[in-house]
Every structure is written in structure tokens, then in C-alpha cells.
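K.L.:
structure, please.
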Amino acid sequence: MSRLRSLVLFACLMSGCSAFYIPGISRHTYRDGDPIPLYTNKITSDESQVSFAYNELSFVCPNSPEGWGSKFPQGRSVGLNFGELLRGDRITISDYQLEMGKDVTCQELCTREVAPESVYWARILVTENYGVEWIVDNLPGSTTFVGKDEKTKIYAPGFRLGEVDKESGKIYLNKHVSLLMRYRKVREDPSRKLIVGFEVYTGGAADQKDDCQKPIELLIPEPSGTLKVKYTYSVYWKEDETIEWSSRWERFYLDNVTGEIKVHWLAIMNSVLIGLVLTGTVGVIMVRTLNKDIQRYNANGDEEGKRLRRLGADGADVDDGGDELDDTTGWKLVHGDVFRPPPYASFFAPIVGSGAQLLVVCMGLAVFSALGVLNPSYRGGFMSFGLFLFIFAGVFSGYFSTRLHLLLDHHSNAASETTSTSWLRNALSTAILLPSFYLSILLLTNFLLWSQSSSTALPFTTILALFLLWLFINLPLALFGAFLGKRRHTRNPTKIPGRVNLIPRQIPTAVPWYLKPIPSAMIAGLFPFLMIFIELRFVFRAMNSSSSYIMYGFVLLSMFISLFVTAETAMIVTYFLLCLEDYRWWWKSLGTGLGTAAWVAIYATYWYFAYLSFKGFVSAVVYFGYLLAICTGLGIVGGATGWLASWLFVRKIYAAIKTD
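P.N.:
Below is the predicted model of the structure:
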């Protein structure tokens, strides 16, 4: 009961983290007339995974060498972190002139002569509902709409590149934008102001009577002709004391503005209660059953020992009594084989070690996100920090993989002699296994995105930098962790109760269908999946609505519950196998985590066909490529957790019985 109380207390504490927020940047204050840069980033679509750099579009205004953007100290260049590069961000300072407090109406930016092929390209982008991402003071330019209650104002990042008239089928390009800048005065110094909102409206949203508001129809000109597009913009400043600078991002959080936090709380607490009930039920049943088994086995062992001693005292051949366990059935009979190394053991240790590495990454991301350090205002921070953790968590993969490898190698009857370099080969396999898998997916998707001239395609220098990070940081750390694991094994090797028989025991009965690898993995993996299902749905819904997700406290809690249930179900599957005198539990202990990942993949596939509107082969390959990478990571983390729980469980129960 103490564990249950602790878990309930932990649930309450972690759930509260969902509301804690630390802004990703220090605030900037401006005086009237101060220049403010407007950054252009990329265009994206809900119908495609392919994004494009806005500044590289052939039908928009190019940045002039002596333009507004060149007047800032840093020039037009903006340094991007790894996360921003992986997101496909391409941020540059534009020539849109923004000055604090200065309204501008129908200001001309440029007149662009657009070639026929560029007009055709613009028509495609407009029909595929591409939106533009601009940034001012680290706030994305957003459009607004009213929620279901007809009162709540919801912000959606980006604005439409153009419009399609549903009746006539004509395609229009938005050549004018109206920028509504919301600000508030600094309490300590009213002469300084903070930007708390950045809204972008196209067409005649602000002043309909201006001719510059009208979008232009994208008519493809003659092959030798061009389409003249005059780009204009208006800027309006509005004081808004209702928005605090520290809470200006909250309008982008779907749960906050739609009033569904209560539903979210109810759903997550329901998962907590289900997990607690399952934990209590399984714990009581398993403890009582195991206690009875251990008492019965030890009692049988004592009686058999007395019988053998009497036979020896009478001068009889004690071997006539046979194996002292002949009258016993169940998991005690496989005590001489339960610790036998599994087939393909050279792959088993690297998988478990990689699971430890990914577990550190997941826990680190969840904790720092729950604390508010990794929030949407820290652009690219989540992916950058995840990459940082993955690189430096290589020490954990090397350590745990080597410990397990040396344990398996020590008890393997197949190897006559353990070589001094086997641990080093295992460490290299561990350091290469997962990064090479992820690199393969990255190169495949990157090639397809590069063929589409997408900004999401990583530059060659970025890929080279990732490789160098692995070669000079991750690989040495994995080898260092392996060295620590070898030294720990040499000084204090892991011991197992009993010994491993030279000849493998024959498995007497056929394994039921529900304990075969695939069915058992899917059945056992369903329970941990149910613990994260609600949270997974919220994440997918946030992605589908282009809103930001910040309920990382709930994610952390769901992760703990799911891993806890994974450990429980893995122990149950292992116990059932051993009761059938089947000692092949090693690989099957990974099944619970792999089954959970399979359910996530099934749900994500369902969401793709039911709710997403991606079009094209490239978008499908990118989506399912990323899905494969994520689900593989989830499966390895859950599998390593299931194996560790099963390993501790098996050691515990076999240490409690008396064997020769």
C-alpha cells in the first residue's frame, strides 16, 4: 500500500507541472520609433510534410542588398540550432519595416515580375493550402478564429498564402498583409513597451476600401510574358493590457483556450486509477501465488532430501530415487536452464543497452519539458536537447550493454573461452546499432525531401556535423561506459542463483497460442498502451490543429505509469512461460514493450488515414519513416524495461527456492 500512496502523491505533484512555464527567451522592450525586425521562415501545409523556405520562393519579394533587413547589426543571417534545422526552419530578416508605435497603411514592399513557371508553382502551393510562417519578437504571426463557444479567441500560427474561390475555382495570391501588433507598457517604465501579440490578416481584413487589399488572381501568362505582382503591407499597433508578456504564448495552446483542461485532467486521472488498480490486483495475485509455489517447492525439497539421506544410511543407491524434482511440476524444474543465454545473444545486449540510452533521453526530455525549460517559445529546443541527451547518453548504453554481455558470455556453454576483446566488439555494436538505424531513415527521408527542394531537407554540412558528433563524442562515451561496465564486472560480477546445465532441458509441452511471440506481445503491450492512449490522442490532436502542446507534466506521469505497467505485464508473461517449463523468456520479455510500440504504430496509422490529409508519396514516406523511428525507440525502451523487470523477477524467485 505504501507504493500505491507514493504513486498517487507523485501523480499529484507531476500533474501540477503541466501549468509551470519558463519563457524561452529574455524579454525585449522597445521605445516608440525603435526598429523591429520581421523574420520570414518557411511555408507549410496540413496536406504535406514538405516545407519550403519563404525567402527562396520565386514569386515573392527578394531581400534587397540595401533593404530594411540589412540595417540590423546581425545582418540578414540568423543562426539556427540543430533543432531548427531538423524542423526545416530557414529564418532570415525581411524588408518589412516595423517601428514601435508607428502605423503604416498600404506601404509598397516591391513589384515582382513573375514568370509563367513561377505562377504555376504558386498556384500549386495555394491549392495545397500552404501557410506562411513569420516571426516578430519570437512570436509567430498568427491568424485568429473563434472557438465553439463563440467567445474564445484561438490563435493558429501562420497565415494563408492564397485563396481558392470554391464557386468559380479561381486561384488568388495574397499580395497584401495587415499586421496587427499588440503591445503593453512596462509597469516600471511606461516609456518602454513589450510585444504581446502578432496577428496577420490577408485581403481586406483591416480596411476594405484600400485597393491594395485585394488579392491577385494567379493567371498563367504567355510563355514570353510575366505576371506583375505588387506586394504591399499595413501595420497597426494596439495597446492590450489584458495579455501579460509571460503568458502571451497561452493563446496558442489548444487546451487552454478551448476549456478542455478539465477533460484532460479527468482522462489522465482515469489512466492513473486504472494503472493503480491493475498494479494492486496483479501484485496481490502474484505475491500469493509465488509464496505458495515457493513454500510447496521448498517443502518437497526437504522431504526429498530426508528420503535420500535415509536411502544413503541404509546402503541403498541414492540414484535409484531419480531426480529429486521428478514429482514437481512448474517453474522450479527449469532452474538449470532459466539463466541459459538466449540465441543471438550478440544482438540482445546491444538492444538492452540502447534501451537504457533512449530511456535517459525520454526521461530527460519529459522532466525538462514539465519544468517549462523546453517550451514552444524555445524554437528547436526540444529536438536540440533531445539530440544532446542522445549523444551524451551513450555512456549508459555502453555500460549496461557490456554488463549484460559479460554476464551472458560468462554463462554461455557455447563459448569455450571468453576473449579479452569480446566486450569491445559488443560496445562497438551497441554504439553503431541505433545511430545507424536512425541515420538510414534520416538519409532516406532527406533524399526524398531534397528531391522536392524542401527546406526540411538537411544540408550536407548538417549531416556531416551529426556524423562527427557521433564519431567524436557518442562513440567514445559508449566505449568509456563499456570500460566502466567491464571494470565493474571484474570487481563485482553479477551472480545468478544456481548454475546453468550443460545440456539444455527439453520443453515438455507446446506453448499456448497466447504465449507465442506475436500474440503475447500484442496482448501484453495493450495494457501499457492504454495508459498513454489518452495523452497520445491529445498530442495527435495538437499536431493536427497546428497548436502547441505543453502538458508535459501529464506526459511524464503517463510515461512512468506505462513503464510500470510494462514491467508488470512482462513479469506475468515470464511467469506463465516458466510455469509451462519454457525457459525461453529472454527475447519474449522484450515483447511487452514492442507490443506497445506496435499499438502506437497502429493508432498513428489510423490517425493518418482518418484525420490527416497528407497528399503525395513523399509526405507518406516521411510520415511513416518518422513513425518507424519513433515506434522503434518506444519499443526498445519498453523492451529494456520489460527485460529488466523479468530479470529481477527471475533472480528473486529462483534465489528463494532450494536446489542442488
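K.L.:
assumed residue 238 was part of a helix.
P.N.:
No - read with DSSP: H, G, I helix; E, B strand; the rest coil, residue 238 is strand and lies in no helix.
K.L.:
how near is it to residue 197?
P.N.:
Counting by Cβ to Cβ, to the nearest Å, the gap from residue 238 to residue 197 is 8 Å. All C-beta spots, glycine's among them, are computed from the backbone N, C-alpha and C.
K.L.:
repeat that for residue 283.
P.N.:
Residue 283 is 52 Å from residue 197, by Cβ to Cβ.
K.L.:
now do residue 177
P.N.:
Distance of residue 177 to residue 197, given as Cβ to Cβ: 15 Å.
K.L.:
and residue 652, how many neighbours?
P.N.:
By other Cβ atoms under 10 Å, 12 other residues sit near residue 652.
K.L.:
next helix or strand past the helix or strand hosting residue 557?
P.N.:
In this structure, residue 557 sits in helix 552-579 according to DSSP states H and E. Remark: after helix 552-579, the chain's next helix or strand is helix 591-610, criterion DSSP H and E.
K.L.:
next, the angle helix 552-579 makes with that following helix.
P.N.:
Relative orientation of helix 591-610 versus helix 552-579 (axes from the mean of the first three to the mean of the last three Cα atoms, to 10 degrees): 130 degrees.
K.L.:
got a list of contacts for helix 591-610?
P.N.:
355, 517, 520-526, 528-529, 532-533, 536, 540, 544, 562, 566, 569-570, 573, 614, 623-624, 627-628, 630-632, 634-642 (Cβ atoms under 8 Å, 6 or more residues apart in numbering).
K.L.:
average pLDDT for stretch 461-478?
P.N.:
Mean per-residue pLDDT for stretch 461-478: 96.
K.L.:
pull out the buried residues from that stretch.
P.N.:
Within stretch 461-478, the residues that count as buried by 16 or more other Cβ atoms under 10 Å are 466, 469-470, 474-475, 477-478.
K.L.:
which ones among those lie within helices?
P.N.:
466, 469, 475, 477-478 (DSSP state H).
K.L.:
in a markdown table: the buried residues of stretch 461-478, plus distance to residue 44.
P.N.:
Converted to a markdown table, the buried residues of stretch 461-478 look like this (distance: Cβ to Cβ, whole Å):
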| residue | distance to residue 44 |
| --- | --- |
| 466 | 23 |
| 469 | 27 |
| 470 | 29 |
| 474 | 31 |
| 475 | 35 |
| 477 | 35 |
| 478 | 36 |
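K.L.:
closest to residue 188 among those residues?
P.N.:
residue 469 (43.2 Å; Cβ to Cβ).
K.L.:
list the contacts for that closest one?
P.N.:
Applying Cβ under 8 Å, 6+ apart to residue 469 gives the contacts 387, 391.
K.L.:
the same query, at a cut-off of 7 Å, please.
P.N.:
When contacts are counted by Cβ atoms under 7 Å, 6 or more residues apart in numbering, residue 469 is found next to residue 391.
K.L.:
same thing with residue 369?
P.N.:
382, 552.
K.L.:
and it, how far from residue 382?
P.N.:
Residue 369 is 7 Å from residue 382, by Cβ to Cβ.
K.L.:
these two touch, right, residue 555 and residue 536?
P.N.:
No - applying Cβ atoms under 7 Å, one finds residue 555 not in contact with residue 536, separated by 9.5 Å.
K.L.:
looking at those two, which has the bigger crowd around it?
P.N.:
With neighbours defined as other Cβ under 10 Å, residue 555 and residue 536 compare such that residue 555 has more, 25 against 18.
K.L.:
need the contact list for that one.
P.N.:
366, 535.
K.L.:
bridging residues for the residue nearest to residue 241 when sequence neighbours are not counted?
P.N.:
Excluding its sequence neighbours, the residue lying closest to residue 241 (Cβ to Cβ, 6 or more residues apart in numbering) is residue 184, at 5.3 Å. For residue 184, the beta-bridge partners under DSSP bridges are residue 194.
K.L.:
where's residue 184 relative to residue 142, distance?
P.N.:
17 Å.
K.L.:
so for these two, which sits in the more crowded spot?
P.N.:
residue 142 (21 against 18).
K.L.:
surely that one and residue 155 touch.
P.N.:
Yes - here residue 142 reaches residue 155: they are 4.4 Å apart, a contact under Cβ under 7 Å.
K.L.:
which neighbours do residue 238 and residue 197 share?
P.N.:
What both residue 238 and residue 197 touch, as defined by Cβ under 7 Å, 6+ apart, is the set residue 182.
K.L.:
any stretches of the stretch 201-350 of the chain with poor pLDDT?
P.N.:
203-211, 254-264, 298, 300-329 (pLDDT under 70).
K.L.:
tell me where it has helices.
P.N.:
Taking DSSP state H, counting those that start in this stretch as the criterion, the stretch 201-350 of the chain carries its helices at 254-258, 261-313, 345-370.
K.L.:
okay, the ones you listed in JSON lines with distance to residue 190 next?
P.N.:
Below are the helices of the stretch 201-350 of the chain laid out as JSON lines (distance: least, Cβ to Cβ, whole Å):
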{"stretch": "helix 254-258", "distance to residue 190": "29"}
{"stretch": "helix 261-313", "distance to residue 190": "34"}
{"stretch": "helix 345-370", "distance to residue 190": "35"}
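K.L.:
quick one, which of the ones you listed is nearest to residue 409?
P.N.:
Residue 409 sits nearest to helix 345-370 of all the helices of the stretch 201-350 of the chain, at 7.8 Å, using Cβ to Cβ.
K.L.:
average pLDDT for the following helix or strand past the closest one?
P.N.:
Sequence-wise, the next helix or strand downstream of helix 345-370 (DSSP H and E) is helix 381-392. Mean pLDDT, computed over helix 381-392, is 94.
K.L.:
where does the stretch 51-200 of the chain have low pLDDT?
P.N.:
Ranges of the stretch 51-200 of the chain meeting pLDDT under 70: 73-75, 147-152.
K.L.:
which residue ranges of it form strands?
P.N.:
In the stretch 51-200 of the chain, the strands defined using DSSP state E, counting those that start in this stretch lie at 92-93, 98-99, 104-114, 130-136, 139-140, 142-146, 153-157, 159-160, 162-164, 171-173, 176-185, 193-202.
K.L.:
can I see the domain layout of this protein?
P.N.:
Domain assignment for the chain, taken from automatic domain parsing, gives 1-23+254-292+517-660, 27-248, 342-495.
K.L.:
any chance of those domains in CSV with distance to residue 335 as columns?
P.N.:
Formatted as CSV, the domains of the chain follow (distance: least, Cβ to Cβ, whole Å):
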stretch, distance to residue 335
domain 1-23+254-292+517-660, 5
domain 27-248, 50
domain 342-495, 13
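K.L.:
wait, which of the ones you listed is closest to residue 333?
P.N.:
Residue 333 sits nearest to domain 1-23+254-292+517-660 of all the domains of the chain, at 5.4 Å, using Cβ to Cβ.
K.L.:
could you tell me how far that closest one lies from the centre of the chain?
P.N.:
Here domain 1-23+254-292+517-660 is found 14 Å from its chain centre; the criterion is Cα atoms, centre = their mean, to the nearest Å.
K.L.:
how about the contacts made by the nearest residue to residue 387 once chain neighbours are set aside?
P.N.:
Leaving aside its sequence neighbours, residue 387 sits nearest to residue 82 (Cβ to Cβ, 6+ apart; 5.5 Å). Applying Cβ under 7 Å, 6+ apart, we find residue 82 in contact with 383-384, 387.
K.L.:
now those in CSV, with distance to residue 452?
P.N.:
Shown next, in CSV, are the contacts of residue 82 (distance: Cβ to Cβ, whole Å):
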residue, distance to residue 452
383, 21
384, 25
387, 24
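K.L.:
double-check residue 233 against residue 107; I have them as touching.
P.N.:
Yes - the pair residue 233 / residue 107 is scored as a contact, 5.6 Å apart, by Cβ under 7 Å.
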